[in-house]
Structure formats: structure tokens, C-alpha cells
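In: Have a look at this fold, sequence not included:
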């Protein structure tokens, strides 16, 4: 897959504090790339470097194969975590101003703005001041500001904070649609369920270092633990339980079931096949549930951070 | 460049459209003219009332010397003793009672005269009365000594030194006053401009921080562009407001003077009085001299240097204000940083209005006209008195070198500071930012 953004050995220090240590990342074109990490890991610094707000001490960033240029700001749309708008400026005027700073002409900006305002059904806010809007409404405006100049690369830092579930879904669908239309999205969030839902790739930064990077599905494969969730109907619960515990690593679990059977998570050795487990279980009773335990993004996040 | 234009435009438009800005633009000159008018009106009111002073002259020598004027009446009391006279004077609500006792010898009068009044009398009034008595007493003493007082008066000559520089340029007291006026006005204007619009720049930086829009903007433009755009836009708004003030002050005073018939400009300022005292000629003469003096002023030098020092000085301070705005999180946190800015400014004004007036080319004046943080005000006040060109240029060079250094550091502080949320920076931290 072709890469839109490539970061090569990027490092940045503030005084004695090393904010980023030799970070290399490749963002495939047309993907949604999750940039994860605990608070203070260096995500914001990295995003600011991509936006040329901060200059790296060493390393390069390539956009479309070329080192970042000052006028690449036109190709990037950035929704920072710390965001806001001029409170006493009117909505329409303000968005036009910000769009012009991104290199759009006033006429062009006006046309596109109309499209977005109609699309998000906020057309009648044109002459309102930001301070008259609710937080969620202002967030919608902010979203429009970020995408209006149709950048190749969109960077969202916690895009859903401040939205109610309806608007969060609306914005999520808009982001997916932008991706489908060809934009590449870098997505930084602490909400792991959004990562599961949206991200194709993720990178995890922890204490200024990259500790994990790759396709989400590959990472999940790497993190799988050969564990299976099983439900077994048997006459002789205590005996079967004892046998299972003797033979395998067994963890208690619970899932919804209409049967009143045994519920366990069972970990099998690396080299053995799940088929053996199934056969073994079938010999002990009626197998009515069998599923591989897939590590969630949340599990991976916590495990990786704690390991490092 | 296009970005800079956009930023300047936005800064200018939002400032000029701001309600409090508009209100201040109209209200300030109205208040100023109103105060002047009120003062003029009150002083007229004061002059309209006639003061009466009772005079009890036991010596019988001075009573006829006091002449009544439009505002001052002398009421000569006779055949009363002092306590009666006091009562009369008090009951008739006189301004005061002047008591001149009978004396053996004329010279004894010097400590014998007394003035009684409700409150302590005005110094001017007492001085005037003392002068009248002293003159008469002197004349009497001369007569006693057999000297012809009239003859002496005729023989007396007055000396007026003609002031000229070595280069043959004529100077005069009137000229000095004029120069003082020019210099003082220029220095004070700069001072006011820095305080008002420096603060405005600072507030607009803080506003961008508190509204959290700064990161959105900074991802589109360079911080230095934003900084410059802010300073230039606010300055243009400032110039607009200043011009509006000048025009509106003119219009308002015209309206008020036609409606109420009061000329605020008729008020006697100390300077005008000085001019009157120093020139015996009529108004015609004064105007002629004034024109001559203005002609003698280094106008071109003055105007060019005014612009240069004004721009240099203003931008120097404006960039500092912007840096402070970037370093803090809210306006209440600015105080600890304001003092180092205000100190040199106030010092400059003090040096200007005390030392430069006293001695425009003294060591203190010279030193402060080189120090970049005071030089704009002090040098502007010195220039009308004639400062060698090399000194002006040296001072300007120092000013602009410092200016570049300051803008560079301010831009660094600004760049780092605008992205620092939720903490109040210390001097130590700001110093560290310079090295990022």
C-alpha cells in the first residue's frame, strides 16, 4: 500500500525533557491511522511536528514522498484537542477567515461552506456569534473548519469529545466518508471502542517511544493468546471442571447463554490445535459455545503500556 | 504575505467593530472636552464673583493706593479699632480684612501689616497687596532720604538678554517654551500610545489563548506572522482611534463653544502666562515671534525623527506586551510582568519632564536618550532643543538593534507560550523558552 505520510527517526526535546525519541511511522494512503498512547506520551508533540507548529530536532517528515514544505499546510486539516473559535466573531465570517488562511479563495470557501452547512443542517447559524452556540454546535463548526479545504491528510485529536451520541455518530460517519473519498486520517483518541470501529492501522507511543505499530488485525493476531471461550453442558459439572483445570490453563468467564452449563476461558499450548480441544470437550459433554478470544484494542493498549 | 494581510485585516476589523472600542472613540473626546469646558466655566464663574476686602489703615498712608478692579473691591474703614473692624468685615462676609497699624518709622511697616480672613487667603491676593504696600513704602522712604522717586523710575533701564547659539541661531524663552511643548507632546503621545495599544495587543493574544483557537491558527500560519499581523492590525486601529479623537475633539469643542459661548482654549495655561510675562508687546508681536520660532525649529528633523522613534519605541514595547500575553493564561496573571515594562516607561517620562526641561543636554538627559527603553520618549523631547545628528542616529541604531533583538525573543516566547495552557509561567521558565 502506498504511503501518504512517512516519519523518519523524528526526535524532539524540550530542554532536558525528551518528548519524542526516534519515532518512525508510515501512514498508508486512504487509511484511518490510530495514534494511541497514554497522556503525556508525546502524541500531541508528534502531531504538532506534522503540522509544522513545532520543528523536530532531528528526523524528517515526508508527505507524498517529499519533505514537508511550508505550503503543505493546505494539504493538512488539523482538529487539535485544545480547540476553540473566536467567541465574538460571527460563524460565517470566522469560517471564511480560517479557510482563507488555509489558502482557499473567499468565493470558493463560500461555496463549500454552503455545502457543509446544508449537509450538517447548520445553515441558519451563519450570523450567530460563537458565544451564542452550545459546545456541541461549536464543535460542528470546528469540524467544518478542519475539512473545508479538502486536505489530503486529516488529523483529528479526540474528535468526539463534547458531542452527544447522535452527533458523535454523525461525525464518525463523516470521517469514514472522507476516508472513502480518498482522504487519509490520523486519529488520536483514548476511546478504544472508536479505535476498534474505525482504525485500519495503529501506532502506540509510550514515554516518547513507539512501542507498537502496524495493521490492527495483524497486531491482534500477534496478541492472540490461544484462548477460547467455551460453553459445555454436562451432567457432572464438578468432575469435568476438575479435569479441565488439570489439563489446561483455565479462567472463569461469563457470557449470555440459555443453557446452564460450564463457562470457561481455556488457554491451549502454542503448538496444539483448537480441534484437539473441541474433540476433548465433545467427549465430556454437549459443546454449545466455542469462540476464539480476540484481544480488544483496550487489552492490547493496557498490556503494552504495562509491559513497557 | 497574503496571510499577513488577512490577519491584519481581521485584527483591524474586529478591533474597530468592537463595541467598547467604538464607545471609547466617541466618549473619550467628549469627556475631555467636557472637563475642559467645565473647568473653563468654573473659573469664569469664580472670576465673576466680586471680592471685597476691607482696609483699616491706621497709618493713613496706604488707603488710597488700593485700586478697585472688576473683581476686587476695597472698602476703606475709618475710625474703628481693630476688633470692631474685624466684626464688621466678618459680618459683611468680606473676603478679608487688611490691617495696617500706625508706625513710627516707615521701615517698621515690613512686619506690622496683618490680613484677617475666614479661610487662609489666596497667595496671589496676598502677594498683590504686599506689593502695593511695599511700593508705596519704598517711595516714601526714598522721599525721606531726599531722592526723587520719579527720577529714578525714569532712569531705570530694563535688560533683556538676546539668546543665540554659536551658529547664530536665535533662541528665546518663548522658543524654549515652544520646544518644550513640541517635545513634551511627542513624548507623552508615545507614552499614551504604548500603554493603550500595547495593552490591547496583549489582551488579544490572551483572548486567542483562552478561547483555544490559537492552535488552529498556528497550524495555518507561522507564529511570527500572527504576531506581526496582530501588532500591525492593532496599531492601525490605534491610529484610526487617535485620528478620530483629534477630529472629534475639534468638532466637540466647536459645538460647545458655539452653544455655550465658552472657549476652552481661552483658559490661561501657565505657559501662556509665561509668554505674556516675557513679552511686553501685543498679541501681534507674540504671533510674529511664534511664527519665527516655529520657523526656527528643525521641522523636517523633528517630523522624521518623531516617526522613527515613535515606530521604534512603540514596536519595541508592543512586542514585549505580546510576549507577556503569550506567557500568561489570563489577564490577572500579567501583573508580575507588567512592572518591568512600565518602570522604564515611567522613568522616561520623569526624566523627560524634569531633567530634560531643566537641562536638555545634561549628562542624565544624554544617557537616557541612548538607553533603548527610554530613548524614544527622552530623545523626542530633546530633539527640538537641537541634538547633533550623530547622536540622534546613534540612539536610533541602538533602538532598532534592541528592537530586532526584542522582537526575536518575543517571537520565541510567543511561539512557545501560546501553546502552553493552564500554567502560569515564571521568569525562569520564560528564559528557558528562549532556548527551545
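Out: Thanks, I have it. Small disclaimer: the values here were computed from a predicted structure and weren't measured. Residues are numbered from 1 along each chain as shown, chains lettered A, B, ... in the order given.
In: Shouldn't residue A:203 be within a strand?
Out: Yes: secondary structure of residue A:203, determined by DSSP: H, G, I helix; E, B strand; the rest coil: located in a strand.
In: Quickly list what it is bridged to.
Out: Taking DSSP bridges, one obtains residue A:35, residue A:213 as the residues bridged to residue A:203.
In: Residue A:87 should be in a helix, yeah?
Out: No: note on residue A:87: no helix contains this position according to three-state DSSP, which reports coil.
In: And the closest residue to it other than its chain neighbours, what's its pLDDT?
Out: The spatial neighbour of residue A:87 that comes closest, neighbours along the chain excluded (Cβ to Cβ, 6 or more residues apart in numbering or on different chains), is residue A:131 at 4.4 Å. Bear in mind the C-beta positions are built from the backbone N, C-alpha and C, glycine included. With respect to pLDDT, residue A:131 has a value of 87.
In: Neighbours of residue A:131, how many?
Out: The criterion is other Cβ atoms under 10 Å in any protein chain shown. On that basis, residue A:131 has 12 neighbouring residues.
In: Surely it touches residue A:86?
Out: No: here residue A:131 lies out of contact with residue A:86, judged by Cβ atoms under 8 Å, at a distance of 9.4 Å.
In: Need the three-state assignment for the residue in chain B that chain A sits nearest to.
Out: Among residues of chain B, the one nearest chain A by Cβ to the nearest Cβ turns out to be residue B:212. It sits 3.1 Å away. When the structure is split into helix, strand and coil by three-state DSSP, residue B:212 lands in coil.
In: Quick check: closest non-adjacent residue to it.
Out: With Cβ to Cβ, 6+ apart, the residue lying closest to residue B:212 is residue A:84, at 3.1 Å.
In: Give me the three-state assignment for that neighbour.
Out: If you use three-state DSSP, then residue A:84 falls in the coil class.
In: and it, backbone torsions?
Out: Note on residue A:84: its backbone torsions stand at phi -180, psi 180 [degrees, to the nearest 10].
In: Can you get me a residue count around it?
Out: There are 18 residues near residue A:84, going by other Cβ under 10 Å.
In: show me the residues around it that make contact.
Out: By Cβ atoms under 8 Å, 6 or more residues apart in numbering or on different chains, the contact list for residue A:84 reads A:138, A:142, B:211, B:212, B:213, B:216.
In: What about whichever residue of the stretch 151-300 of chain A sits closest to chain B, how many residues nearby?
Out: Chain B sits closest to residue A:155 of the stretch 151-300 of chain A, with a gap of 8.7 Å, by Cβ to the nearest Cβ. Neighbouring residues of residue A:155 were enumerated by other Cβ under 10 Å; the total is 25.
In: so it makes contact with residue A:76?
Out: Yes: the pair formed by residue A:155 and residue A:76 meets the contact definition of Cβ under 8 Å, at 6.6 Å.
In: Now the common contact residues for those two.
Out: Common contact partners of residue A:155 and residue A:76 (Cβ under 8 Å, 6+ apart): A:50, A:51.
In: Contact residues of chain B facing chain A?
Out: Taking Cβ under 8 Å from any Cβ of the partner chain as the measure of proximity, chain B contacts chain A at B:3, B:6-7, B:10, B:14, B:18, B:207-208, B:211-213, B:215-222, B:419, B:421, B:432, B:435-436.
In: Return the subset of those lying in strands.
Out: If you go by DSSP state E, the residues of chain B next to chain A have nothing in strands.
In: if you look at those, which of them are in helices?
Out: In this view, the residues of chain B next to chain A that belong to helices under DSSP state H are B:3, B:6, B:7, B:10, B:14, B:207, B:208, B:215, B:216, B:217, B:218, B:432.
In: Mark which of those residues are buried, thanks.
Out: B:3, B:6, B:7, B:10, B:14, B:207, B:208, B:215, B:216, B:217, B:218 (16 or more other Cβ atoms under 10 Å in any protein chain shown).
In: could those be laid out in JSON lines, adding pLDDT and distance to residue A:180?
Out: JSON lines is the format used below for these (pLDDT from 0 to 100; distance: Cβ to Cβ, whole Å):
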{"residue": "B:3", "pLDDT": "88", "distance to residue A:180": "32"}
{"residue": "B:6", "pLDDT": "93", "distance to residue A:180": "33"}
{"residue": "B:7", "pLDDT": "93", "distance to residue A:180": "35"}
{"residue": "B:10", "pLDDT": "93", "distance to residue A:180": "35"}
{"residue": "B:14", "pLDDT": "91", "distance to residue A:180": "38"}
{"residue": "B:207", "pLDDT": "88", "distance to residue A:180": "38"}
{"residue": "B:208", "pLDDT": "87", "distance to residue A:180": "35"}
{"residue": "B:215", "pLDDT": "87", "distance to residue A:180": "28"}
{"residue": "B:216", "pLDDT": "89", "distance to residue A:180": "25"}
{"residue": "B:217", "pLDDT": "90", "distance to residue A:180": "30"}
{"residue": "B:218", "pLDDT": "87", "distance to residue A:180": "30"}
